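K.L.:
generate coordinates for the sequence data below:
(chains A and B)
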Amino acid sequence: MNTALSWIKAYVPELECTDQEYCDRMTLTGTKVEGYERRDKNLEKIVVGQILSIEKHPDAEKLIVCQVDVGTETVQIVTGAHNVKAGDKVPVVLDGGRVAGGHDGGPLPEEGIRIKAGKLRGIPSNGMMCSIEELGSDRNMYPEAPEEGIYIFPQEVRTGDDAAAVLGLRDTVFEYEITSNRVDCYSVLGVAREAAATFRKPFVPPAVKTVGNGEDVNDYISVEVRDPELCPRYCARVCKNIKIAPSPEWMQRRLAASGIRPINNLVDITNYVMEEYGQPMHAFDLEAIAGRKIIVRRAEDGEEFQTLDGQMRKLDRDVLMICDGEKEIAIAGIMGGENSKITDRVQTVLFESAVFNGPSIRKSAKRIGLRTDSSGKFEKGLESHNAEAAINRACQLIEELGCGEVVGGMVDAAQPMPEAKELPFRPEKYNRLLGTEISEAEMLDIFRRLEIGTLEDGKGGITLKIPYFRQDLNCDADIAEEVARFYGYDRIPSTLPAGEATAGKLSYKLRIEQKARDIAEYCGFSQGMSYSFESPKVFDKLLLSEEDTLRRTVTISNPLGEDFSVMRTSVLNGMLSSLSFNYNRRNKNVRLYELENIYLPKSLPMTDLPDERMQFVLGFYGEGDFFTLKGVIEEFFTVTGMGKKPAYDPRAGKPFLHPGRQALIKYDGNEVGYLGEVHPEVLDNYEIGARAYVAVLDMPSLLPFTTFDRKYEGIAKYPAVTRDISMVAPREILAGDIEAMILQRGGKLLESCQLFDLYEGAQIRQGFKSVAYSITFRAKDRTLEDSDVNAAMKKILNGLEQMGIELRQ
Amino acid sequence: MKNKLEQIKEKAISQLSGCDTADKLNEIRVSILGKKGELTDLLKSMRDVAPEERPRVGQMVNEARGEIERLLEERRGKIERAVRETKMKAEVIDVTLPAKKAELGHRHPDTIVLEEVERIFVGMGYEVVEGPEVERDYYNFEALNIPADHPAKDEQDTFYVTGDILLRTQTSGVQVHEMEKGRLPIRMIAPGRVFRSDEVDATHSPCFHQIEGLVIDRHITFADLKGTLAVFARELFGEATKVKFRPHHFPFTEPSAEMDVTCFKCGGSGCRFCKGSGWIEILGCGMVHPHVLEMSGIDPEEYTGFAFGVGLERITLLKYEIDDMRLLYENDIRFLKQF
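P.N.:
Predicted coordinates:
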């Protein structure tokens, strides 16, 4: 909400403060000032001048030379404008002064434009006459300004006066951020009331008297509300003999400062009251209302209606309509209809000041796709008393401004209004909640400033009477906040909670995740982050079959677009997209990891929350291969206490991985993840021009195997015996299977077996490979004898034979 | 005999003084102490010495031998040192050549800030907990005093999965889960991902992170809230940081506040970074609304509490002066390597 400070001061006449003070103090009592701007920014040395005479420029056809009386002297000004004549009063910027912008109305330069005396085609010019654009505004806000050329004042202004003041520009416009609970503050009066309380000055709202002639409004109109839950109050008044004219200058200036374009007296009054009271009003041409009857009811499904902006709007049962005896004439609270709009020929006006259900207006505005100033106010949930105050204010203005004759009485279709709320005064409770020792007297003073009434409750206590406009005050905590914000949040002490000590800690899951990050980073992988939702098209990019369970997704019903429409069931798309992003920016050797959730529905359609599973994904291209990733995984296992040797099963069946270079990772017989080289077709789909590798660990699956417990096992005291064996094995036999056999047959004495050579090619027959292991034996309690080792080796050699492996000499 | 020994010694000394390699040294050694060496020869001639003289002569020979061995050893040491010196001279390196780095990876800036926040609160006795990202309407809204039709529900532009299941718009729902467990007192922070239907641009992202904080106990006051968050701000932004609390409104706290900290770029004097105000808005907070306590089964007459919510990205962007939020999700290695 934007409002000129001068308008606030109209209701807090004793308010005196600088702009910055106003901004700071209002913000600290809860009316947040987002920013403010002087309306006379960069306007310096600008006065009202009167043109005494005009001559042609001797050397330039398009220029004229004016002698201008600026109050203190007469100055000569050369101009190219042609809308001025001798006797006109105009804004004149004097030598050394400053204006806000150029005459073309383009964006205003930050520092404005300095004006200096000079010569135009040889003739001295000691200043400049200004257009409204040069003064930083435009014809929308100053409709009396000429379409082109110099702004011309009415003759009654005084020559030599400050032109910016005459134009109402010696003012500051404040922008407020009003919180949704303070519906009353979406109005000039509401903010002024807060300002008065903040600065401890009297609040002087306009004195509204109910005006009207001897006629009875009921003879003009009747109102029937058929859906009272959507329209708790509908007030109607009638004004006749309407004389459309411009509204007075003070009203135009206040509206312009609020960013509202002045139109004519009737429109301006409704806008003015909307700003002042926060209550939107609507004016109908009474002649256009069939049967002199207003009916408030829901629209029919599929109905269409033309709003006064000429657009056809599609309606449904949930949209509330204002109708006459025959037809719809307005969408309630949102916009009037083309068929009943006010024209310049209007004779009799029906004013509507109603309260509509906030959520209903919000939903209707959203569905119809039409949000207006009016709907924006109704959405917040307006209060019923205010509707009557506002319509009476409007009628008073009609009469005061000579805009028409007000018909006596008001048609009021209202639901019973809630009683004024009462709350017990509990000072000790407020202090206990705030941690303060604020005196009762100080609290009562704050209530007085906020118009919260106090009554003796007859039992020695005090009851607080909440004013009707404070819908937000309903419990002790609400009252404590009122006390706190006017006592001053800054005056409340700073303490730390007392009470029993608690152990600060990370959950075990989070500690393991921290280890995962550490290990990934030790191994050169940097952490990325990806969106949790993606396009269902990624499943095709990942070559998933139509039946793949990863296609069963948590689907967003109102996504930002298809690209963000399903919650990911795999972290691969995020990783591959990141690698692709880097590859296409020519970054070399990129290693990334992420720790992020996937979301697996438990059933479809969803009734339960999905299974959120933390995934540790590593991916890279550049230096390294499959076994680089395997190394990172095994380091992670070691650090998290997963001491057993993981198994790798090449039958992983992942369509997005190279069929010959993928493996499931198994720990203690349980599948905990997979790794592999990315399938070349998938690389193409992601536009990655290098081999890339990924590994995914499903954290919930491996969490049960992790531990931070360690037990010291002693350092070997007796020497080890190492035997090297070299063998020729069929190509398809996995090293892992050979190792598993060696470990199993090696018995207690076997300490380790290490692959030290692997060879295929010349000297080895087709379909076979040469493999060599170094096998180490050791006993904890003695030096081993040859015979011990020979027995174990014999078992191993038998095992090799059974696998169809020959020993190599 | 004695003369001969002296001669051998003299000769050894003179030969050794010119000896500069291990090979020459060995030759000298062999020529004196070897099988056919002079001293060995002399020893052989012991046969000719009268038996009664033998012990005395033998001692003389042994002494001479010891002396020569000592001289040989001394020379050997000199030669070895000289060789090492020469070798090291040849091994001089250019210490300004590039370093061989272990290429460590880098944590995401969001994570660095998050871990810093966690460290501060864990130190103050808070437990770090998590809650579901796909959440029920009740926990995200209703139990937080945001009933159906509440305007705040629209302000937060929610992604829905079904009528009742949604992507959480705030981490505040974790408060409710913790309160429902019925274990008091509570001191927790809940970091996590939240979602709002905002188009992607330099300052908006449909996915971002919040850190929720909640303390519930007997006698918790607004003053405690102020004190706790002041400690937090000083730990995170530096000892000199000051805080300012402004009244605000959140449906689930009352009284509510927003907290500003003195601009960590200009220290409060006003700069472009803080738009001249000297203050930067950091978080929202307040005393837990009694109705929220009640809904989660906590008696608001006995217990009070405070809650706060911090936007993680907001702090990350400010702290590292990152000017475009999209960088956080592009994962450009040249970006990540800077943290």
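K.L.:
look up the closest residue to residue 162, ignoring the ones flanking it.
P.N.:
You didn't pick a chain, so chain A it is. Nearest non-adjacent residue to residue A:162, counting by Cβ to Cβ, 6 or more residues apart in numbering or on different chains: residue A:47, 6.4 Å away. No exception for glycine: its C-beta is placed from N, CA and C like everyone else's.
K.L.:
you looked at the wrong chain, it should be chain B
P.N.:
Spatial nearest neighbour of residue B:162, excluding adjacent residues (Cβ to Cβ, 6+ apart): residue A:606 at 5.7 Å.
K.L.:
now do residue A:717
P.N.:
residue A:780 (7.7 Å).
K.L.:
same deal with residue B:135?
P.N.:
Nearest residue to residue B:135 in three dimensions, chain neighbours excluded: residue B:168, at 4.1 Å (Cβ to Cβ, 6+ apart).
K.L.:
how far away is the one you found from chain A?
P.N.:
11 Å (Cβ to the nearest Cβ, to the nearest Å).
K.L.:
burial of the nearest residue to residue A:60 once chain neighbours are set aside, as a residue count?
P.N.:
In this structure, residue A:60 finds its nearest non-sequential neighbour in residue A:121, 4.5 Å apart by Cβ to Cβ, 6+ apart. Neighbour count for residue A:121, taken as other Cβ atoms under 10 Å in any protein chain shown: 13.
K.L.:
next up, the contacts around residue A:121.
P.N.:
By Cβ atoms under 8 Å, 6 or more residues apart in numbering or on different chains, residue A:121 lies in contact with A:57, A:59-60, A:63, A:78.
K.L.:
show me what contacts the residue nearest to residue B:162?
P.N.:
A:554, B:161-162, B:165.
K.L.:
most neighbours among the residues you listed, please name it.
P.N.:
Most neighbours among the contacts of residue A:606, by other Cβ under 10 Å: residue A:554, with 26 neighbours.
K.L.:
of the contacts of residue A:121, which is the most crowded?
P.N.:
residue A:78 (22 neighbours).
K.L.:
quick one: low-confidence parts of the stretch 251-400 of chain A?
P.N.:
For the stretch 251-400 of chain A, no stretch is flagged by pLDDT under 70.
K.L.:
helices of that one, residue ranges please.
P.N.:
Along the stretch 251-400 of chain A, the stretches classed as helices by DSSP state H, counting those that start in this stretch are A:265-277, A:358-368, A:373-378, A:384-400.
K.L.:
distance to chain B and mean neighbour count added to the ones you listed, as TSV?
P.N.:
Converted to TSV, those look like this (distance: least, Cβ to the nearest Cβ, whole Å; neighbours: other Cβ atoms under 10 Å in any protein chain shown):
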stretch	distance to chain B	mean neighbour count
helix A:265-277	19	24
helix A:358-368	3	20
helix A:373-378	11	20
helix A:384-400	18	22
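K.L.:
quick one, which of those helices is nearest to residue A:243?
P.N.:
With distances scored as Cβ to Cβ, the stretch of the helices of the stretch 251-400 of chain A nearest to residue A:243 is helix A:265-277 (7.8 Å).
K.L.:
now could you export just the CA positions of that closest one as CSV?
P.N.:
What follows is helix A:265-277, C-alpha atoms only, in CSV (Å, rounded to 0.1, in the frame of the first residue of the first chain):
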residue,chain,number,x,y,z
ASN,A,265,-15.8,13.1,-9.0
LEU,A,266,-17.9,10.0,-8.8
VAL,A,267,-15.1,7.5,-9.6
ASP,A,268,-12.7,9.4,-7.5
ILE,A,269,-15.0,9.3,-4.5
THR,A,270,-15.3,5.5,-4.6
ASN,A,271,-11.6,5.2,-5.0
TYR,A,272,-10.9,7.7,-2.2
VAL,A,273,-13.2,5.9,0.2
MET,A,274,-11.7,2.6,-0.7
GLU,A,275,-8.2,3.9,0.2
GLU,A,276,-9.4,5.8,3.3
TYR,A,277,-11.6,3.1,4.8
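K.L.:
report all helices and strands that it contacts.
P.N.:
helix A:188-199, helix A:249-257, strand A:282-285, helix A:373-378, helix A:384-400 (3 or more Cβ pairs under 8 Å, 6 or more residues apart in numbering or on different chains; DSSP states H and E).
K.L.:
what are the contacting residues of it?
P.N.:
Under Cβ under 8 Å, 6+ apart, the answer for helix A:265-277 is A:3, A:187-189, A:206, A:242-247, A:251-252, A:254-255, A:258, A:260, A:262, A:279-283, A:342, A:346, A:349, A:351, A:373-374, A:377, A:386, A:389-390, A:393-394, A:397-398, A:401, A:403-404.
K.L.:
can you rerun that using 6 Å?
P.N.:
Helix A:265-277 is contacted from outside by A:187-189, A:245, A:247, A:251, A:255, A:258, A:260, A:262, A:280-281, A:283, A:386, A:390, A:393-394, A:397, A:401, A:403, using Cβ atoms under 6 Å, 6 or more residues apart in numbering or on different chains.
K.L.:
one more: stretch B:132-147?
P.N.:
Around stretch B:132-147, the neighbours that count as contacts under Cβ under 6 Å, 6+ apart are A:599, A:609-610, A:612, B:152-153, B:164, B:168, B:172-173, B:176, B:193, B:251-252, B:289, B:291-292, B:295.
K.L.:
now, which of those residues lie within helices?
P.N.:
B:152-153, B:173, B:176, B:291-292, B:295 (DSSP state H).
K.L.:
out of the residues you listed, which is most surrounded?
P.N.:
residue B:173 leads the ones in helices among the contacts of stretch B:132-147 on contacts (other Cβ under 10 Å) with 26 neighbours.
K.L.:
now the residue nearest to residue B:162, what's its secondary structure?
P.N.:
coil (DSSP: H, G, I helix; E, B strand; the rest coil).
K.L.:
about what we covered before: let me know the helix or strand that the residue nearest to residue A:717 is in.
P.N.:
Of the helices and strands defined by DSSP states H and E, none includes residue A:780.
K.L.:
tell me which helix or strand of chain B sits lowest on mean pLDDT?
P.N.:
None of the helices or strands of chain B scores lower by mean pLDDT, DSSP states H and E than helix B:151-155, at a mean of 68.
K.L.:
picking up where we left off before, if I look at the residue nearest to residue B:162, how far off is residue B:196?
P.N.:
Residue A:606 sits 21 Å away from residue B:196, taking Cβ to Cβ, to the nearest Å as the criterion.
K.L.:
now the top helix by length along chain B, how far from the centre of its chain.
P.N.:
Longest helix of chain B, by residue count under DSSP H: helix B:54-90. Its chain's average C-alpha position is 55 Å from that of helix B:54-90, according to Cα atoms, centre = their mean, to the nearest Å.
K.L.:
which neighbouring elements make contact with that helix?
P.N.:
helix B:2-17, helix B:22-33 (3 or more Cβ pairs under 6 Å, 6 or more residues apart in numbering or on different chains; DSSP states H and E).
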